[in-house]
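Asks: sequence and predicted model, in that order:
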Amino acid sequence: MAPNPSPQTAGRVAPVPQKQTARDVINLVVMVGGTVDPINSDPKARSASYRNPKVAPPPDPKKDNDPDWYWGLNRPLREALERLQQKYRNLHLFVAHGWTGDNSPTNRRIAGAYLADRLCGGNGEKAYYKGFLHSEVSIHLIGHSHGGNVINEFTHRVATSKQWPKQWKIRSVTYLSTPFFKRLHPVDTGAFHKECRVLNVYCKYDLTQRVIADFSLFPLNDVLKQVCASELVERIAEVKFDTGLLQRAMLSVDVQIKGSKWYVPDPKLLMDAAEGKKLYDGVLATLKQVHAVFDKAREIIDRFNQGIDYPVPKELDAKLTKHRQVMSDTLASKFRLRLDEIERGLDKTEKAFQARRKSGKFPHHGFFEDLHVTAFLQPLVRFLSVDRTSLRGPLWDLVYELLKEQIHEFDNTETTPAAQLRGTPFAARIVDLPITNEDKFFGKGKDAAFDKFIARLEGIETRYAQAPTQHTLMDLLFTLIAQMEPLRTAVSKWATAVDWYEGMLRSEAWVKSKLGAQTDLDKLVLRFVQMLESYALIFKDRDCGPMQVDDPKFNEEGTPTLGSIPYFAMTAHSTSRQDLYTKVKAALEGQFDTLPRAGK
């Protein structure tokens, strides 16, 4: 992805025009919402530029309770446009457009074509502005995020549609944080007015525009709901063990004091029968809960593999449902194999505990023998292992395959429409309008870390565009994970502790002292520590420095923490649509060719 346009590139940035008109042309400002969310979580959600009249007015007029109203929380922007509407005699604000808001190229194409047809009455639609069909009309398009790509599809429709009035021309396009693709959704200038200007409003901290939007994903959230995936989390939370049972059972053994130390003189000494039974019952109950987790995981995999029906927007499927195999046969088999391998590690423990409980005798050391730690830990270590160089491992190979199956399209994006307009008269009519200083993250002294972070991500995506390899995609994933708090701050301490422990385990003195007597468990513990070290180094290599600002002054309850990954992906991505900033308003207003009302 190309870096943000520099304010210093004056040769390419067109100046904001001064208003010089004595004409009174009909001007339409058209609002186009963007995707509902960048990761395409819910295919039922919509992106409506209007407020649903069926939704009751909220108690607080500054808020909105229509979840589909894309501009509902952008009150300053809406009010600024409404004031412009009052200022000019022939300025009309069109907010009657709605589309799926789905992060899908197909939906964006449909939305753009529908918008054009809705305005002029093409393709069987009723013309919203029937009275303007034979008049000169200047169109001003404003789109946020992928709403800008819907606009690009709109430009293609109006340039090729026989129903589009020839005297209707696009006088301005205002892109708010739009990710400009290299391949998808090219702009068509066929219906541009010769005086058209392209206003490019962007925020440097916008992670979605610069990175996340490169991936068009299949919807997942509704799919997860259908298979009751939340129950998996609930079952994991239910796995508990009362450590008090262990403490009471161990203390029930007849221990002795020698000097200042406690010790058990005979490993065959028995725990109290009642306390031992409670301990073993507690462990068996916990194992049952663990098995329930594995059962639910398999159920979800089976449902994904079999395929499910989920609702899709009517624009895409008249039947309203679509069957989709979420997980391929091959991938599902691999997941089942790994689950079976790890769960089998519990079999020895479970059988040993059942036999011991049946005997009614509970020796002190027998408890630890019955755990069979190696049988469970060995497949777990094997599954979680990761190679620091290739970023491959059993778990991450499966994650990669899952990600690949969910990526609908990948197309590296840019933060400027310059490449799309190259070779047209409008390449010199781009007005770059950075509003980075309007973002709350601006001036917090964290730019060096952010610049390092975003440069790394964009470099990875450039490589992925050239060769979409597993290593590159996993590098992107690990880089995002490495910058998430509190993991980022914990990794340094974690790496130090792991390094010390590994050094102890592998020291020459330790090896010599264990020579010929090193147990399988000793070796397995060493492998476990080495695995932890690999993760620590992978994350440490990708740590770009602290960015999060933990200050109640900036962090409101229920909103992403300033400087966090969710903040950059959602809040910074929305900075451009929070207000019609002064320089944006001036550039837009300079394109109007209608007259002010008397006294305005």
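Replies: Yep, it's here.
Asks: for the chain, longest helix please?
Replies: helix 273-306 (DSSP state H).
Asks: by contact count, what packs against it?
Replies: Judged by 3 or more CB pairs under 8 Å, 6 or more residues apart in numbering; DSSP states H and E, the packing partners of helix 273-306 are helix 230-238, helix 243-251, helix 329-344, helix 347-359. For the C-beta atoms, the positions are set from N, CA and C on the backbone; glycine is no exception.
Asks: how about a cut-off of 10 Å?
Replies: Packing partners of helix 273-306 (3 or more CB pairs under 10 Å, 6 or more residues apart in numbering; DSSP states H and E): helix 221-226, helix 230-238, helix 243-251, helix 329-344, helix 347-359, helix 366-371.
Asks: buried residues of it, list them for me.
Replies: The neighbour-count check on helix 273-306 (16 or more other CB atoms under 10 Å) flags 275-280, 282-283, 286-287, 290, 292-293, 296-298, 300-301, 303-305 as buried.
Asks: got the buried residues for the longest strand seen in the chain?
Replies: Across the chain, the longest stretch assigned as strand under DSSP state E is strand 192-202. Residues of strand 192-202 classed as buried by neighbour count (16+ other CB under 10 Å): 192-193, 196-202.
Asks: identify the farthest-apart pair in the residues you listed.
Replies: Spanning the widest gap among the buried residues of strand 192-202 are His193 and Tyr202, at 23.6 Å by CB to CB.
Asks: restrict the strand or helix carrying Asp117 to CA atoms and write it as PDB.
Replies: In the assignment (DSSP states H and E), Asp117 maps to helix 105-120. The C-alpha coordinates for helix 105-120 follow below in PDB (Å, rounded to 0.1, in the frame of the first residue of the first chain):
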ATOM      1  CA  PRO A 105     -16.900  -6.500  -4.100                       C
ATOM      2  CA  THR A 106     -20.200  -7.900  -5.500                       C
ATOM      3  CA  ASN A 107     -22.300  -5.900  -3.100                       C
ATOM      4  CA  ARG A 108     -20.400  -2.700  -3.800                       C
ATOM      5  CA  ARG A 109     -21.000  -3.100  -7.500                       C
ATOM      6  CA  ILE A 110     -24.700  -3.700  -6.900                       C
ATOM      7  CA  ALA A 111     -24.900  -0.700  -4.600                       C
ATOM      8  CA  GLY A 112     -23.300   1.700  -7.000                       C
ATOM      9  CA  ALA A 113     -25.500   0.700  -9.900                       C
ATOM     10  CA  TYR A 114     -28.600   0.800  -7.700                       C
ATOM     11  CA  LEU A 115     -27.800   4.400  -6.600                       C
ATOM     12  CA  ALA A 116     -27.500   5.600 -10.100                       C
ATOM     13  CA  ASP A 117     -30.800   3.900 -11.100                       C
ATOM     14  CA  ARG A 118     -32.600   5.200  -8.000                       C
ATOM     15  CA  LEU A 119     -31.700   8.800  -8.800                       C
ATOM     16  CA  CYS A 120     -32.600   8.900 -12.500                       C
END
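Asks: show me what that helix is packed against.
Replies: Contacts defined by 3+ CB pairs under 10 Å, 6+ apart place helix 105-120 against strand 26-32, strand 91-94, strand 98-99, strand 137-144, helix 147-160, strand 168-176, strand 215-217, strand 407-410.
Asks: redo these as CSV? Include distance to Glu589, mean neighbour count and mean pLDDT.
Replies: Formatted as CSV, the helices and strands packed on helix 105-120 follow (distance: least, CB to CB, whole Å; neighbours: other CB atoms under 10 Å; pLDDT from 0 to 100):
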stretch, distance to Glu589, mean neighbour count, mean pLDDT
strand 26-32, 10, 23, 98
strand 91-94, 10, 19, 97
strand 98-99, 27, 24, 91
strand 137-144, 10, 26, 98
helix 147-160, 19, 25, 97
strand 168-176, 10, 26, 98
strand 215-217, 34, 21, 78
strand 407-410, 37, 15, 86
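Asks: now the ones you listed as TSV including distance to Lys358?
Replies: Output for the helices and strands packed on helix 105-120, formatted as TSV (distance: least, CB to CB, whole Å):
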stretch	distance to Lys358
strand 26-32	70
strand 91-94	77
strand 98-99	65
strand 137-144	67
helix 147-160	67
strand 168-176	70
strand 215-217	52
strand 407-410	52
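Asks: tell me which of these lies nearest to Gly423.
Replies: That would be helix 147-160 among those, by CB to CB, at 15.5 Å.
Asks: show me what the closest one is packed against.
Replies: Using 3+ CB pairs under 10 Å, 6+ apart: helix 147-160 touches strand 26-32, helix 105-120, strand 137-144, strand 168-176, strand 180-181, strand 192-202.
Asks: need these in a markdown table (columns: distance to Lys162).
Replies: Shown next, in a markdown table, are those (distance: least, CB to CB, whole Å):
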| stretch | distance to Lys162 |
| --- | --- |
| strand 26-32 | 20 |
| helix 105-120 | 10 |
| strand 137-144 | 17 |
| strand 168-176 | 13 |
| strand 180-181 | 27 |
| strand 192-202 | 18 |
